[in-house]
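Participant: Sequence first, predicted coordinates after that:
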Protein chains: 2
Amino acid sequence: MPDSESTGSPGQKPPVDRKPDGSKLNPDLISREQRQGSRPGDIFVRVNRPRGFQKVGPGHFLATPEAHIPQGRADRLFLAIKRIFIGRPLAKVEESQERLGVAKALAVFGSDAISSSAYATEAALLILMTAGSAALHISLYTAVAVSVVFAIVVLSYRQIVYAYPQGGGAYNVSKTNLGKMPSLIAAAALVIDYILTVAVSIVAGVQAITSALIVSGHGHWIQILNDKLPGVAEPAVVLCLVFIGLMTLINLRGVRESGTVFSIPTYLFIMGMIAVLAIGIFKAINGTLAPASPPPVLPVLAPVTLWLVLHAFSSGAVAMTGTEAISNGVPSFKPPESRNAARTMTLMAVCLSAFFLGISFLANHMHLVPGTETIISQTALAVFGPNIIYYIFQIATMGILVVAANTAFSGFPRLASVLAADGFMPRQFLFKGDRLAFSTGILALGVAASVLVVLFQGNIGSLINLYAIGVFLAFSLSNSGMVIHWFRAKTRGWRINMVVNGTAAVMTAIILVIAIATKFTEGGWIVIVMAPLIVLLLLATRDHYDRVAAQLRVIEGEPLPSKLEHITILPIDDVNRASLRAMAFVRSISSESLVLHVSTNPERAERLKRKMAKFAPDFKLVIVESPTSSFVQPMITYINAIHSQSPDTLVTIVFPEFIPAHWWEQFLHNRTARRLYRVFEKHPNVAVVLVPYQLVK
Amino acid sequence: MPDSESTGSPGQKPPVDRKPDGSKLNPDLISREQRQGSRPGDIFVRVNRPRGFQKVGPGHFLATPEAHIPQGRADRLFLAIKRIFIGRPLAKVEESQERLGVAKALAVFGSDAISSSAYATEAALLILMTAGSAALHISLYTAVAVSVVFAIVVLSYRQIVYAYPQGGGAYNVSKTNLGKMPSLIAAAALVIDYILTVAVSIVAGVQAITSALIVSGHGHWIQILNDKLPGVAEPAVVLCLVFIGLMTLINLRGVRESGTVFSIPTYLFIMGMIAVLAIGIFKAINGTLAPASPPPVLPVLAPVTLWLVLHAFSSGAVAMTGTEAISNGVPSFKPPESRNAARTMTLMAVCLSAFFLGISFLANHMHLVPGTETIISQTALAVFGPNIIYYIFQIATMGILVVAANTAFSGFPRLASVLAADGFMPRQFLFKGDRLAFSTGILALGVAASVLVVLFQGNIGSLINLYAIGVFLAFSLSNSGMVIHWFRAKTRGWRINMVVNGTAAVMTAIILVIAIATKFTEGGWIVIVMAPLIVLLLLATRDHYDRVAAQLRVIEGEPLPSKLEHITILPIDDVNRASLRAMAFVRSISSESLVLHVSTNPERAERLKRKMAKFAPDFKLVIVESPTSSFVQPMITYINAIHSQSPDTLVTIVFPEFIPAHWWEQFLHNRTARRLYRVFEKHPNVAVVLVPYQLVK
């Protein structure tokens, strides 16, 4: 519906043509139309302006939101459904520019690390329990060891935050200081970690809910659901998939990293944790702390060896996952960015260490054993009792874990877009969707995390075996990069900085080796196999784009043909309005051409010959008789034979395509057109033009 | 690989150009190439002749088998797999011309009807058993009644065979004598019957096998399989689907209606039946005939009413199914065709009546009740005992039922092709495949029969409820048609002939009414609903083709535009070799054109403007800035706006398409091209040309 603007102009010589220069093409989209008024002699000129475009200069338009609405009914329906779930498109100016203070930043970037306290103690206990109940107390020592390492890692990352105020992810730091290959290894490690962050956080979050269900006496629901879904999937796995699906959808809508929204579950969890620890330690000193149900006596399946202790340590080390998030997010902090980020880092480290050590202490004190109910659920239950505060704490645990998973949903697509900008990932990761979110990256992460959850049947113990390796690989690479950085930069205090990062690099490298050694047979090998594969894929993609760019580059002064020689072949079945229209099209593109008829019936061929002589005698006609009853393949073979005579000349196949008036009529037409299109789609020197012929009702 | 032919021509002036007239197009495919010999001055002329085509005249070729071989690797692989299953393509001259004598014709065309004796008695007993054991003997009377009706039907069909030596199916006879609508109703009835023939025959055949398994003490296998496939499907249903799939495959290969092959199971069954009846009746008179296991005492669920008897009668009437096959096949008989067909008809009728009555008698004598074991299996077991002869008879039963199903696989596609030739079915049913079989019809029948078997879970009792209605509708229509035929023809003895066909018409019409009445609620309604739907579909298809033909018809002298005005739009992302090649293509088709760039980045747009000014200043350039990050939809909207300015002008969109060197590279390109193609595919006045650009390795 064009806008209209009527100007009475009686008596005036009317502008006769909508295209005054006789041209069919009017790029400005503005047309004038002459209209007869109600009185004779009255003539109105109606100026039609385009909807959807705003002229900003000659041949230069701005697309308005209207230009983003498709025309087809099916497309509009699809768009309407998409709008319901994803929302209206956003203009680039609407992009969030929120800067975060320390308090909100702790929620947005710190939740990933802090939430690890929800499963780290459990991860260590799961290993130690194989050596029987007597071995469980070792978890306290491993927790202390992890905390010491963590302190050094945090110190080292505080330095990264100052050195890379533009955001210092492992990829970025490795790329600047270590070169291409280490940076790609870091990228692969990060890719794996982002996927695992989603999988582990969501599985742990669902466990918080199922633990609360068991405590509330509704645990049998899980069993009932389990029976209803025989062999297909566990209900917990289904619940995880639902959560991942919802998070994917929400992120496709484009989550503004709203500190306020994320603060609620994060601070609820932090407050809950503080309460658990304070009351728990008080009760422990009092001697009134006891588990809700007595812990089972565990069989001794393995002896207590150094190996077992190292294994438990490398599992407990998953507490450190998520530390990178703050160093990635430096540009989003309020100025002074680096200082605020460093403060947030310290605050996060204090929370996480306190929670991890505290929970490990209480669990030890009560001799808790991981089971259908999680360790922190058991601890909170013993501390609070089965009342409302316990349930709120479980929900807060779920909440912070979802926020942690969300960190990956914003981090992975950003990393993918950086990699795509560097040419290492397909270009579709580079573009933001209508909602200014990197849709492809979000979808890819959602799918990958879902696959992982299904493959591991939501078993958190197995998932954690994969998690630590990637994390410590990235830690080690970025700290090694920082050593080179300080050595090159030689800024004030560079020697001390280098020692801190160097120590962190060595320690995380040692933990990496421990993690690989102890977890290799328990799923760790998957990471060892996947990481090089991802690096190869990144390299192959970059290599492809490089080669294509080199092939496409135009060199100034290089002679390029100004015209593309082509010959046209028109396969026809009959001489009718549709094939004559296709012939008219061929005449107008003034190329050498021939009409091809493959016949399975000599009489029809004769009739066609006569009709061609009558209606289109200017065309060369070739008849190919097929002795079998199939005609498409001989047609294709003949076209190929013509093409191979002058392989450098483009062959254009012109074929009428019937545009049906009703959707179901398409089954009655266009089979040959579709086959020709499919066969020649991948041909380097054949183009297929389907000339539309509208069928009316 | 072209043939080569070397002629030494030293010193001779060489033919310089492969295309002597300067034309790129050489429809004859013969080219000359000049080659330097080993000694200086030696020049050879190599004449390349086309492979795959044989020249028969100017611009007239014959495609050889080579022309039927596709070039692409994937296509060749697909062809190789197809060849394994379907076989090499056959030339039309290879079509079977076997003419059948009475003996072989009884196997080819008679098996459909004769095989009905394997389930007709059972069908009647299934109804009567609801009234308890005492009602079972009524089946003998219904069998006699069915035989009487059958005698009249056979007499009437003998007359059809003489009157329509070109093949007298219900569609043909109705079309000639009753007009369009009755013929389409007959066609719908036949379509339903062909599908049911396959479903019922295969289900009955599988029952013959499962009965033999039960007798041999392996019945528990079925139970075990049943437990292994929980809720998914019964093993018998799976077996039916496997059989239908195999028959579809074999028929796609193209079954020559080889009398010899079909004779083996048919005559084995006939001989077995004669043995069962002869020995059985002898033992019955002797008083030594007893069932293997005593029949169960049946609860009386319903009283014996006229309704029940009529119901049993209309079920037993399925014995008559398949009678049409002989009248359809008259042209395949040895001369005198009609007389041989009539003789075969009589022979078939004698066999079928004897078998049906005989089995009904023996089943009654032993008070047999249908169960997991079929009636004829129980009868044969009582007669032969559980020895090798019994098992051979079961296999023969399966065999004749498969041959019967095959009748539908040759009959339905032929009917469909006749309907397609009359424009009532989509054109793809008209064409024979490489193996001279009507592939589309065969596939459609296989799929439809499979759907039916799954829907009815292989329950023969339910399927038979649907069967009789279609059969008697067709009988009634063709006999009514014959009444008109005789009245019009007035040949010698036309009055008597008219009475015979008239009696048959009335009787089959009465049975039709009985069948509809008694079976309506038990599935008969499906036929009552489907038949009109099929008729509507046939009419709609014909109507569509008629309207299209009328639209496409060229009237001599009518002025048609000799050229098709079109404007060209080139959406480009960058100025590079690929887009410059697309521009060269546009220059060579000499149409009004503009280059369109939708930009999400103003800097890139500026750069593109400068590059266009340098490399292609002859093109109009339009830049559309998109404020959001999506660019395809504004591109589409702009093209639509240009199109709507002069809706009668064809818009050609030219877009470079990257042809990747490796298959996986396609994921890295062509996303916009594919989207544009998909959006404008159905547009009545927009053609999309993807100009291929080969990427090298």
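Facilitator: Received it, and whenever you're ready, just let me know what you need. Numbers count the residues shown, from 1 in each chain, chains lettered A, B, ... in the order given.

Participant: List the buried residues for stretch A:171-183?
Facilitator: A:171-178, A:182-183 (16 or more other Cβ atoms under 10 Å in any protein chain shown). Using the backbone N, CA and C atoms, a C-beta is placed for each residue, glycine as well.

Participant: Output these in a markdown table; the columns should cover secondary structure, pLDDT and distance to chain B.
Facilitator: Shown next, in a markdown table, are these (DSSP: H, G, I helix; E, B strand; the rest coil; pLDDT from 0 to 100; distance: Cβ to the nearest Cβ, whole Å):
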| residue | secondary structure | pLDDT | distance to chain B |
| --- | --- | --- | --- |
| A:Tyr171 | helix | 89 | 21 |
| A:Asn172 | helix | 87 | 23 |
| A:Val173 | helix | 88 | 28 |
| A:Ser174 | helix | 90 | 25 |
| A:Lys175 | helix | 90 | 22 |
| A:Thr176 | helix | 88 | 25 |
| A:Asn177 | helix | 89 | 30 |
| A:Leu178 | coil | 89 | 27 |
| A:Pro182 | helix | 91 | 25 |
| A:Ser183 | helix | 92 | 21 |
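
Participant: Tell me who's in contact with A:Ala188.
Facilitator: Contact partners of A:Ala188, counting by Cβ atoms under 8 Å, 6 or more residues apart in numbering or on different chains, are A:530-532, A:534-535, A:538.

Participant: Kindly report the same for A:Ile185.
Facilitator: Here A:Ile185 is in contact with A:174, A:473, A:477, A:531, A:535 (Cβ under 8 Å, 6+ apart).

Participant: What is the neighbour count of A:Lys682?
Facilitator: Using other Cβ atoms under 10 Å in any protein chain shown, the number of residues around A:Lys682 comes to 16.

Participant: hang on, it in a helix?
Facilitator: No - counting by DSSP: H, G, I helix; E, B strand; the rest coil, A:Lys682 is not found in a helix; it is coil.

Participant: ok, and the closest non-adjacent residue to it?
Facilitator: Distances taken as Cβ to Cβ, 6 or more residues apart in numbering or on different chains put B:Ile659 closest to A:Lys682, at 5.9 Å, once the chain neighbours are dropped.

Participant: Please apply the same query to A:Met425.
Facilitator: Closest to A:Met425 by Cβ to Cβ, 6+ apart is A:Leu419, at 4.3 Å.

Participant: Please identify the buried residues of the helix or strand harbouring A:Ala123?
Facilitator: Taking DSSP states H and E as the definition, one finds A:Ala123 inside helix A:120-128. Across helix A:120-128, burial judged by 16+ other Cβ under 10 Å covers A:120-128.

Participant: from the contacts of A:Ala188, which is closest to chain B?
Facilitator: A:Leu538 (12.6 Å; Cβ to the nearest Cβ).

Participant: quick one on the thing from earlier: look up the pLDDT of the residue nearest to A:Lys682 for me, please.
Facilitator: Here the pLDDT value assigned to B:Ile659 is 84.

Participant: what's across from it in the sheet?
Facilitator: B:Gln694 (DSSP bridges).

Participant: May I have the residues that are in contact with it?
Facilitator: A:682-684, B:692-695.

Participant: Go through those and say which is closest to A:Glu522.
Facilitator: Checking these against A:Glu522 with Cβ to Cβ, the nearest one is B:Leu695 at 43.3 Å.

Participant: Distance of that closest one relative to chain A?
Facilitator: 6 Å (Cβ to the nearest Cβ, to the nearest Å).

Participant: From what I see, that residue and A:Gln551 are in contact.
Facilitator: Yes - the pair B:Leu695 / A:Gln551 is scored as a contact, 6.4 Å apart, by Cβ atoms under 8 Å.

Participant: Compare those two (neighbour count), which wins?
Facilitator: Set B:Leu695 next to A:Gln551 and count neighbours by other Cβ under 10 Å: B:Leu695 wins out with 19 against 15.

Participant: What distance do you get for that one to B:Phe655?
Facilitator: 16 Å (Cβ to Cβ, to the nearest Å).

Participant: just to revisit the earlier point, just the ones of the contacts of A:Ile185 in helices?
Facilitator: Among the contacts of A:Ile185, the members falling in helices are A:174, A:473, A:477, A:531, A:535 (criterion: DSSP state H).

Participant: And the furthest pair within these?
Facilitator: A:Ser174 and A:Ala531 (13.6 Å).

Participant: pLDDT value on the residue sitting nearest the centre point of chain A, please?
Facilitator: With distances taken as Cα atoms, centre = their mean, A:Gly441 lies nearest the centre of chain A, 1.7 Å away. As predicted, A:Gly441 sits at a pLDDT of 90.

Participant: what's near enough to touch it?
Facilitator: Contacts of A:Gly441 (Cβ under 8 Å, 6+ apart): A:412-414, A:416-417, A:429.

Participant: just checking: which of these also lie near chain B?
Facilitator: Residues of the contacts of A:Gly441 in contact with chain B (Cβ under 8 Å from any Cβ of the partner chain): none.

Participant: for those, which one is nearest A:Ala105?
Facilitator: Nearest to A:Ala105 among these is A:Arg414, at 16.6 Å by Cβ to Cβ.

Participant: tell me which element the closest one falls in.
Facilitator: Element membership for A:Arg414, per DSSP H and E: helix A:388-421.

Participant: which helices and strands does that helix pack with?
Facilitator: helix A:111-114, helix A:170-177, helix A:180-215, helix A:235-253, helix A:259-286, helix A:324-328, helix A:375-384, helix A:439-455 (3 or more Cβ pairs under 8 Å, 6 or more residues apart in numbering or on different chains; DSSP states H and E).

Participant: give me the residue from the stretch 351-500 of chain A nearest chain B.
Facilitator: Taking Cβ to the nearest Cβ, the stretch 351-500 of chain A has A:Lys432 as its residue nearest chain B, at 4.2 Å.

Participant: Could you report the neighbour count for that residue?
Facilitator: A:Lys432, neighbours per other Cβ under 10 Å, totals 21.

Participant: Quick check: it vs A:Ile281, distance?
Facilitator: 48 Å.

Participant: now do A:Ala673
Facilitator: Note on A:Ala673: its distance to A:Ile281, by Cβ to Cβ, is 78 Å.

Participant: Distance-wise, check the closest residue to A:Ile534 other than its chain neighbours relative to chain B.
Facilitator: Nearest residue to A:Ile534, sequence neighbours excluded (Cβ to Cβ, 6+ apart): A:Ala188, at 3.9 Å. Going from A:Ala188 to chain B by Cβ to the nearest Cβ gives 19 Å.
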